[in-house]
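1. the following comprises the amino acid sequence and a computationally predicted model.
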Amino acid sequence: MSKLECTHCQLDFDEEVMIKDEEHYFCCTGCQGVFHLLSDSGLDGFYDKLGSKKLSAPTHTFEESSSFDTPGFYEQFVRKNDEDFEEVSLVIEGIHCSACVWLNEKALHKLEGVIDVSISYANNKAKITWADNIIKLSSIIEMIRSIGYNAYPYDPSVQEEKANKERKDFYLRIVVALFGSMNIMWIAIAQYAGYFSGMDREMKTILNVGEWLLATPVLFYSGWVFFKGAYFGIKNKVVNMDILVATGASLTYIYSIYITILQEGEAYFDSVAMIITFVLLGKFLEVLSKKSAADTLDVVSRHVPNEVNILRNEMLERVSVHEVYVGDVIEIKPGEKVALDGEVIQGEGYFDEASLSGESHPIFKKEHDKIISGTICIDSLFRYKVARDFSHSTLSNLVSMLENAMSKKPRIEMLANRISGHFSTLILFLAIITFSIWWFWPHSFDRSFMVGISVIVIACPCALALATPVATLIGLGLGGKRGILFKEASQLETMAKTEILILDKTGTLTEGKPKVIKTETFEGFDASLLLALCASSLHPISQAVYAYAKTQYEKYETYTLLSSKQVPSRGIAAVYEGKKVLGGNAQFMRENGIDVQVGSEYSLFFFAVEDQLMACFELRDKPKEGVDELLQICADNKIKVVMLTGDHKASAQSLADELGIEEYYSDLSPEDKADFVQEHNDKVSVMVGDGVNDVLALAHANIGIAMGSGSDISIDVSDVVLLNDSIKSLKEAFLISKRTFRLVKQNLAISLVYNMITIPLAMAGFVIPLIAAASMSLSSLLVVGNSMRIKYKWNR
Amino acid sequence: MDNGIVIMMIGISLLLGAIALIGVMWAIKNGQFDDKDKMMSSVLDDGEDALNEAAEKERRKKEYRTKK
């Protein structure tokens, strides 16, 4: 059989399964539809841009798009912009490359009524502006779907917008500062040359005026952040680095103007521009590293459903969750998330409560059972009566508790901040002393003022300001490459000081899903039948057996089972060609008259045909690899390790014994976990977890680390995200933070030693402008160079 | 060297530099550098398209506003 490429998605398929359409071949009607749509609307340039990249085939199971036009939806996601047009932020699914972005933008531009579409290459987020009186949002989303992508809205958080604005503001200031100081350098070269070879006074003044013009915007526009910082520092009676930078730069500036006008001595405009530029660069690096980690993840989904289907006067209506009252009846479909707590009045089936309780098995619910918001309905249609309104339901309670916890999160003061406070006070004090001594030791005011200022100028906060940000930025980059996302640079330092490590069990230390570890088959075993039986259930055990069997037995046929029935917390029963087929636990087998031996501490799955045992599978939630090494590192660094779990004691104990964790607590609720973390807040704590049940604890810890496959909320509240879920990256996160912090300390030491040498020279009046400028650049270069070593030495 | 020429040269180069700087600042404020990857790859599909689109966008804005 020859393989052919589908014209649209370019995936390979066997020729016989493909749809032939003139000279093109398609793998499915979806691809065919998209292809014709594109060529009809003149967008087939897409395929040239696409090159040889593969797409995923378009799918066709979407929820009703008309729900995008409801007032509730508009209220939450759609905003009016300044020009009175509607604006929405969407995440577009299925974007693979720049050609996809091009196609989406072009296709939407062609729609009458759409004003502007801009899609980000980095995170597939789109911002669409349209005129609502001409086109509805649902038609826009229909368009995106018809060309083979899917879109869903997200709420661009206020924080994200603010961070973007701050970044842009800094960017502008940096551009001005760089422009100013680079051009001053050109003029300064002429001046330094003149300093040695002789230059007449008039020429000097001309060059000084040129520098003056360039230094002014640098000091007042770019340096504005320091004046602001100094103002807040004085207001709160704290001497900070900003005060040192602001006074140093502005005093030097005033002095240089004085020199220029008097036409004698040397002006220091170049130092003014350089101080501002270097320190601003350090601040900018810090702002740059404050990235929301959720931003980097491909998919951002809604945590809380905002609309539900409710039954009013025998009709289904889609309303906002806020308009639902106690006693209303809600209908929920398979795959939907429950928004409000309630009691089932019709239907029975399974619910996934893993995100709330950490319980990995689906829970069976029937009439009169309670259902909790945040859980997901797996397999059947339910109707339930609302017991608590939205603001009192479990999920929204959790969200508000979280907000509370986040505001109380303990922060550790950074080493550099502490040092720079003392440093600034000392330098200002020394400058005043120097000035007074020179002034009373009869010297001219000019001379003593200049010496006093030279102390401030040479004290060069540049290296000090760059010490932390450069090192942490390199640490962050290193982590990023290894799938460890730190949301803020300061977290590297906090993590390096960890004293207690708290680990969640399910999903963090273990895989979170059962896997087959042992198999036993008996005569007459038919893998195809087992596969057919397991495929009929969504229970994790049968899914695990299914996944295992599929890889194990390559040759199988597809059987159709008759009357497959699921027995809650027992197993599955079905009929195939008149034979009774059973799959389930030991209890289920015994109830059906099959005697089985149970001799394992893990879950067992039995498979029987017509009262004859065919196979037995042993399953367990395996611990992840690399726990030993992590524990070793913790022991080396005297970090206490504690395991917390919502599971029962026996399973916690067996895992703890196996891994060698001495301290563990079981049967904990999410609140218990949070309490435990809070009790240990006197130490620097790191909490690692994945599910919604860990969210509160993550928020309370100094550093919350979430697994990338964990729930969205846990990723949101945590400070560090491990994208590949492995314990190995947790270990690496520790190593990177330790190493980064060590280099930060080295950098601070370098800049302090530098100052210890140069400041006495300045106080003695030996400093000429050339030395000041050279020492400033050299110390900054040393610090930057030293930081590079983080990467260089990383060979483990 | 005549001082006047030096003044003139510094003055002109500062002026030209300032114009370029204002241009860059305008572009940053306008959001042209917001998406690094997009900026880089838009060089590859350079053409009239982008200009036409911008003109079309302005036309539509005007049209829809009058309809309101």
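-> Great, that's in hand. Residues are numbered from 1 along each chain as shown, chains lettered A, B, ... in the order given.
2. what is the burial count for residue A:387?
-> 15 (other Cβ atoms under 10 Å in any protein chain shown). Placement of C-beta: from N, CA and C, glycine included.
3. please read the previous query as pertaining to residue A:501.
-> 24.
4. what's opposite it in the beta bridge?
-> Beta bridges link residue A:501 to residue A:641, residue A:686, judged by DSSP bridges.
5. that one and residue A:640 touch, don't they?
-> Yes - the pair residue A:501 and residue A:640 passes the contact test of Cβ atoms under 8 Å, sitting 7.0 Å apart.
6. what parts of chain B come near chain A?
-> For chain B, the residues in contact with chain A (Cβ under 8 Å from any Cβ of the partner chain) are B:3, B:6-7, B:10, B:14, B:17, B:21, B:24-25, B:28-29, B:33-38, B:41, B:45, B:53, B:56-57, B:60-61, B:64-65, B:67-68.
7. any of the residues you listed buried? List them.
-> By neighbour count, with 16 or more other Cβ atoms under 10 Å in any protein chain shown, the residues of chain B next to chain A hold B:6, B:10, B:21, B:28, B:34-35, B:38, B:41, B:57, B:60-61, B:64 as buried.
8. chain center to the helix or strand bottoming out on mean pLDDT in chain B, what's the gap?
-> Here the helix or strand of chain B ranked lowest by mean pLDDT, DSSP states H and E is helix B:36-42, holding a mean of 71. How far helix B:36-42 lies from its chain's middle: 15 Å, per Cα atoms, centre = their mean, to the nearest Å.
9. which residues are in contact with that helix?
-> By Cβ atoms under 8 Å, 6 or more residues apart in numbering or on different chains, the residues outside helix B:36-42 that reach it are A:98, A:101, A:120-122, B:32-33, B:50.
10. the next helix or strand after it - contacts with which helices or strands?
-> Once the chain leaves helix B:36-42, the next helix or strand it forms, by DSSP states H and E, is helix B:48-67. For helix B:48-67, the packing partners by 3 or more Cβ pairs under 8 Å, 6 or more residues apart in numbering or on different chains; DSSP states H and E come out as strand A:114-119.
11. same question for the strand it packs on: list its buried residues.
-> Residues of strand A:114-119 classed as buried: A:114-117, A:119 (neighbour count, 16+ other Cβ under 10 Å).
12. touching chain B at all, whichever helix or strand comes after it?
-> Per DSSP H and E, strand A:114-119 leads on to strand A:125-130 as the next helix or strand towards the C-terminus. No - Strand A:125-130 is not in contact with chain B by Cβ under 8 Å from any Cβ; minimum separation 8.9 Å.
13. report all helices and strands that whatever helix or strand comes next after strand A:125-130 contacts.
-> Counting by DSSP H and E, the next helix or strand C-terminal to strand A:125-130 is helix A:137-146. For helix A:137-146, the contact count by 3+ Cβ pairs under 8 Å, 6+ apart identifies helix A:29-40, strand A:86-93, helix A:98-109, strand A:125-130, strand A:150-153 as packing neighbours.
14. can you show me the CA trace of helix A:137-146 as CSV?
-> Output of helix A:137-146 as CSV, limited to C-alpha atoms (Å, rounded to 0.1, in the frame of the first residue of the first chain):
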residue,chain,number,x,y,z
LEU,A,137,-18.9,37.2,17.4
SER,A,138,-20.5,33.8,16.7
SER,A,139,-19.9,34.3,12.9
ILE,A,140,-16.3,35.3,13.5
ILE,A,141,-15.8,32.1,15.6
GLU,A,142,-17.6,30.0,13.0
MET,A,143,-15.1,31.3,10.4
ILE,A,144,-12.1,30.3,12.5
ARG,A,145,-13.7,26.8,12.9
SER,A,146,-14.5,26.5,9.2
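15. relative to helix A:29-40, how tilted is it?
-> 110 degrees (axes from the mean of the first three to the mean of the last three Cα atoms, to 10 degrees).
16. not counting its own residues, what contacts helix A:137-146?
-> The contact list for helix A:137-146 (Cβ under 8 Å, 6+ apart) reads A:33-34, A:37, A:62, A:65-66, A:68-69, A:73-74, A:78, A:86, A:88, A:90, A:92, A:104, A:107-108, A:111, A:114, A:128, A:130, A:150-151.
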